[in-house]
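*Asks:* no sequence on this one, just coordinates:
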């Protein structure tokens, strides 16, 4: 595993998404500073499944994503020391937000197999 690789649950459970491609070179293109939840929803409304963005505002960092059923979901990103993780998935920790985003291109972020496909 390279620098910034995930640690924890991924070692014991295979959460890879069959046929998922590795992340394209979109470093930082997913990040929206000061974007509110409602604005994030408006920005990705009607986009294809797997479309996502990361927003940073006064409330912290969150991911907004279009799920398989066409609905949207919000995932809170938390920090612990020099690591970050998705709330509810604390076993997998990352050295950076970029490492977290890269991981969820090929690993499911929901129990239904949703994963990142393209940023907006």
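*Replies:* That came through fine. Note that the structure is predicted; figures quoted are calculated from it, not measured. Residues are numbered from 1 along each chain as shown.

*Asks:* how about the strands in this protein?
*Replies:* 31-33, 51-57, 60-66, 72-80, 83-86, 118-119 (DSSP state E).

*Asks:* excluding sequence neighbours, find me the nearest residue to the residue nearest the centre of the chain.
*Replies:* In the chain, the residue lying closest to the centroid (C-alpha atoms, centre = their mean) is residue 101, at 4.8 Å. Counting by C-beta to C-beta, 6 or more residues apart in numbering, residue 101 lies nearest to residue 30, which is 5.9 Å off, once chain neighbours are set aside. The C-beta positions use only the backbone N, C-alpha and C, and glycine is treated the same way.

*Asks:* that neighbour: neighbour count?
*Replies:* 19 (other C-beta atoms under 10 Å).

*Asks:* where does the chain have low pLDDT?
*Replies:* Per-residue confidence for the chain (pLDDT under 70) gives these ranges: 1-28.

*Asks:* helices of that one, start to end?
*Replies:* Taking DSSP state H to define them, one finds helices in the chain at 37-44, 97-106.

*Asks:* list the buried ones in stretch 74-90?
*Replies:* 75, 77, 83-86, 89 (16 or more other C-beta atoms under 10 Å).

*Asks:* these into TSV, with extra columns for distance to residue 48?
*Replies:* Supplementary listing: the buried residues of stretch 74-90 in TSV, determined by distance: C-beta to C-beta, whole Å:
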residue	distance to residue 48
75	18
77	22
83	31
84	26
85	26
86	21
89	23
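
*Asks:* which of those lies closest to residue 120?
*Replies:* residue 75 (15.4 Å; C-beta to C-beta).

*Asks:* residues near the closest residue in space to the closest one that isn't next to it in sequence, how many?
*Replies:* Closest residue to residue 75 apart from its sequence neighbours, by C-beta to C-beta, 6+ apart: residue 63 at 4.3 Å. For residue 63, the neighbour count with other C-beta under 10 Å is 22.
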